[in-house]
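In: Let's see this in three dimensions:
(2 chains)
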Amino acid sequence: MTEQAPIVFVVDDDASIRDALKSLIRSVGLRVELFRSPREFLQWKLPDAPSCLVLDVRLPGESGLDLQRELVQADIHIPIIFITGHGDIPMSVRAMKAGAVEFLTKPFRDQDLLDAIQVALERDRARQRRQAETAMFRKRLESLTPREREVLPLVVSGLLNKQVAAEIGTTEATVKVHRSQLMKKMGADSLPELVRMAEKIGISGSERQSSKG
Amino acid sequence: MSNSPIGGFGVVIATLIVLVAAIITSSVDRRARAEIQRLNEELELRVAERTLELETVNQSLRKQIAERERAEDAVRRSEEHLRLVIDTAPAMLHSARPDGYLDFFNKRWLEYLGVPLDDLLGWRWTSVIHPDDLAQLVDRWQTSLATGKPFDAEARLRRADGEYRLTLHRKVPLRDETGNIVKWYGSVIDIEDRKQAEEELKSSEEKYRVIVEAASDAVISMDESGGILFANPATARIFGYDPAELIGKPLTVLMPDYMRKLHEVGFRRYLATGERHLNWQGAEVTALRKNGQEFPVEVSFGEMISNGHKAFTGFIRDISEKKRAEDELRKQKEIFQKIFENIPVIIAFRGQDRRIEMVNPEFERAMGWTLKEIRGQNLDIYTVFFPDPDYRHMVLDLAAASTGEWNDLKVRVKDGRVLDVASTFVRLSEGSTLGIGQDVTERKRAEAELRESEARFRLVSDSAPVLIWMSRTDKLCTYFNKPWLDFTGRSLDRELGNGWAEDVHPEDLQRCLDTYVHAFDRREPFRMNYRLRRHDGEYRWISDIGVPRFNPDGSFAGYIGSCIDVTEQRRAEEQLRHAQADLARVTRMATMGELAAAIAHEVNQPLASVVTYGSASLRWLAGQPPNLEEAREAMERTVREANRASDVIGRIRALLQKGPPQMERLDVNAVIREVLTLTGNELLRGGVTVRTELAADVPAVLGDRVQLQQVLLNLILNGVDAMNTITDRPRDLLVRSSKHSDGVLIEVHDSGAGIDPERAVHIFEPFFTTKPQGTGMGLSVGRSIVEAHGGRLWFTPGSQHGVVFQFTVPKVE
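Out: Numbering: from 1, shown residues only, chains lettered A, B, ... in the order given. This is a model prediction of the structure:
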């Protein structure tokens, strides 16, 4: 899969600021989309391309921080760079804690913003990569038989074949067959690799134990 | 018949009878001279009747003659006797042959004429006839001879004494059994006296007839039955009836119904008893005209007896006019009597002897003496009316002069009080006098009171520390009090009318007159300030309050106004205004301090754009190749944003500027928008959503832009602060403008917690604040700004939450 051109989203109610940002960001060859309000932005379908959001903290109605919280809750993990007319420390701490890439005070140095945008886009690329991997692992998981899916958490929790056989009431030889089958289906070369995959898609031995216990 | 002795005898008898009859007839004639005409006719009739009778008698006599032959001798004696009778008869008798030859005249005849028989026989008698009458007499006689009809004529005869006398000649024929005339017998009567009497009577009757017909009164005769016999022409005029149509009608047609019975009863009683129910020499009764109209008449009656019958003649006079005149007189008398009795004027009447004869009830009321007490008093009573001798003499002189001139006299009345009486003395033509007076004591007292009241008014007016003027209904001034005149240093004469206007400052005069005239025409009170020149030449500010004056009857009388010198007050007000303006500015600066963060943001925003555009343009230029187009656009934007920052700073500077308020026409909505621009970030920071409802039809107001912005700014920031702690509902701020009866109403609604009633009473007090950093001057100054603009600032609780602050600004007149 080839990477699409990255997009920078700008949400600011001040038209001149929006236009100034557009000019600046376009000058480094990035695509820019401008929004006057969080609402307008939320109506936009996010692309597969790496993207980031330049967000004014103070907006009429919903504030930038509100939008950040909303996006997190909606499991949308677009990297955010906050800009503000007069940011105070509590506000910036709050924003950074919630995962903001940067918190810039107007007027900011152009390089600071552009650096922040690069960092954000890189972060988004990485995130997208992770997401693609996880999606692949999930797809592989779906190809497992119910018995193999039953065996998987037990294997990744570190149990020996004999222990697994006892757990699910079968023979060690059968467990051995299941184990080699699911390793093959999941594309794992080694047990540690399988464990990493299982973690990515949210399957862990401890989970099983807690549900068991 | 003449052939037989019997026949000859019969003729003698008949002749005798005829003669006797003629004599009797003559005697009857004489006796009833007054009815001569009628009796003449009767006579003729009787002659004719007798003639017929005679013929009857003749025939019966012939039968009897034979039986009487034996008595011939006696008869012959009788014949002798008859001849004697005929000759001695007082009538003039004669006879004629059938051919007209007169063959016999009796002795009386011959004596009357004084002519011997021979001069009369045959046709010789014609010599005694008046030549003028002869022809017709002879003619008639020949006609009678030819026709055999009785002869009847009048002619004048020459009497023995030579006087021609009118005589009546009659001859009737005597016929035999075959009807042939055998003889004519005649008589002559001297009717000269009778004729003269007739003439006299006729003349007398004519006289009465003329009187009766010419009479202006109605003359009506009636008989015993009450039927009208005669009515004169005046009857037509008075009663409307033609006299002829009344003849035979009952007299009662001339009376109204209710009189008829009375008349009939009275009249019958009179006929029966001779008792009269009316005075016949003039009684007033009511009569009835043909057209039904009733009217008063005066009637006199006369009674006469004719042929044994009573006849009554009434003279009826129409007295309507007289009655009317009498009524009129009575009415006038009554009018004067009623006036005399009821007029609230004292009237006393003195006769020629100067004694009081009559006083009217008003005299009795006002003076206290009754007519009874005062009647007969001479001028000595004046010692009572006017005790002071000199005064009394003056009054006596007036009374003596009786010129009709009015004088106010002081009169002492019965109970000792002294009245003011407006009096006059009038002399009547016959020498008596009327004293006429009106009690004006009350009026005098009222006048004195009025004078005193006016004097009091002038005293108060002149000693009051205000300038007072008065004007009439024509707007011209008629009065200025002493303080006014002292103030302007001018005389009353110069100020009267419109003279005062010369003292008014030329710049103020037109406005001053406009206000006055405008209020005057509407009868409205007015208040105006203008500069009035003081005696030292300095123009002083005057506050003039004018109110319309009304007479006791409610009619408009003009205006009265009072003025005070408000120069010092105005100076103080001016200083206060300056102080307020300074305070407002200081407060504004404090408010601006509160706004510092917002202001910083407001400036920072364009500054951020400037920096960003600048950086961007540098980057466009640094590209390979440089993008000049993008760079140029970014530079342009840089400039624009720098200007924007400059504008913001200018606005802030304006708000902090020191200077007097500048009143100008303002669009309130524009002012609101400017303030919202300034506070936008503050609102944003406070998490407040602003809504505006600005009416498009608000009128322009007269105000100081900065000060009104200050008021709004303050209200908006207060609203934001009030909603600081609100977390359970939106922090909404609504700013509205709308048309108001005063001009424009501006409202700021917040959705905060509202105002604690205990604090509400203090919120407009200076230095009262609920905010840690507040100066406590915001609302206090805001209110004084609004009031200085002529508006009001107040607050009410919000419909659900919070408070609504609102203020009005008057529109530009």
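In: farthest residue from the center of chain A?
Out: residue A:171 (40.9 Å; Cα atoms, centre = their mean).
In: Could I get the contacting residues of it?
Out: By Cβ atoms under 8 Å, 6 or more residues apart in numbering or on different chains, the contact list for residue A:171 reads residue A:165. No exception for glycine: its C-beta is placed from N, CA and C like everyone else's.
In: Can you name the residues that contact the residue nearest the centre of chain A?
Out: With distances taken as Cα atoms, centre = their mean, the residue of chain A nearest its centroid is residue A:127 (4.6 Å). Residues near residue A:127 by Cβ under 8 Å, 6+ apart: A:77, A:79.
In: and the gap between it and residue A:41?
Out: Taking Cβ to Cβ, to the nearest Å as the criterion, residue A:127 is separated from residue A:41 by 19 Å.
In: and the longest helix for chain A?
Out: In terms of residue count, the longest helix belonging to chain A (DSSP state H) is helix A:110-142.
In: tell me the mean pLDDT for it?
Out: Confidence for helix A:110-142, expressed as mean pLDDT, is 89.
In: Which positions in chain A make contact with chain B?
Out: When proximity is defined by Cβ under 8 Å from any Cβ of the partner chain, chain A lies next to chain B at A:14, A:16-17, A:19-21, A:23-24, A:26-28, A:58-61, A:63, A:85-86, A:106-110.
In: Got a PyMOL select line for the buried ones in those residues?
Out: One line in PyMOL is enough to select the buried ones among the residues of chain A next to chain B; burial here means 16 or more other Cβ atoms under 10 Å in any protein chain shown:
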select buried, chain A and resi 14+16+17+19+20+21+23+24+26+27+58+59+63+85+86+106+107+108+110
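In: Show me how far the longest helix of chain A is from its chain's centre.
Out: 7 Å (Cα atoms, centre = their mean, to the nearest Å).
In: what's whatever helix or strand comes next after it packed up against?
Out: Downstream of helix A:110-142, the first helix or strand assigned by DSSP states H and E is helix A:146-156. Under the contact criterion of 3 or more Cβ pairs under 8 Å, 6 or more residues apart in numbering or on different chains; DSSP states H and E, helix A:146-156 touches helix A:161-168, helix A:172-186, helix A:191-200, helix A:205-212.
In: okay if I get the ones you listed as JSON lines plus mean pLDDT?
Out: JSON lines is the format used below for those (pLDDT from 0 to 100):
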{"stretch": "helix A:161-168", "mean pLDDT": "87"}
{"stretch": "helix A:172-186", "mean pLDDT": "88"}
{"stretch": "helix A:191-200", "mean pLDDT": "84"}
{"stretch": "helix A:205-212", "mean pLDDT": "45"}
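In: Reformat the ones you listed as a markdown table; add mean neighbour count.
Out: Formatted as a markdown table, these follow (neighbours: other Cβ atoms under 10 Å in any protein chain shown):
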| stretch | mean neighbour count |
| --- | --- |
| helix A:161-168 | 16 |
| helix A:172-186 | 16 |
| helix A:191-200 | 16 |
| helix A:205-212 | 12 |
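In: Let me have these in CSV, adding distance to residue B:420 as columns.
Out: Converted to CSV, the helices and strands packed on helix A:146-156 look like this (distance: least, Cβ to Cβ, whole Å):
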stretch, distance to residue B:420
helix A:161-168, 145
helix A:172-186, 142
helix A:191-200, 132
helix A:205-212, 130
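In: Cheers, nothing more for now.
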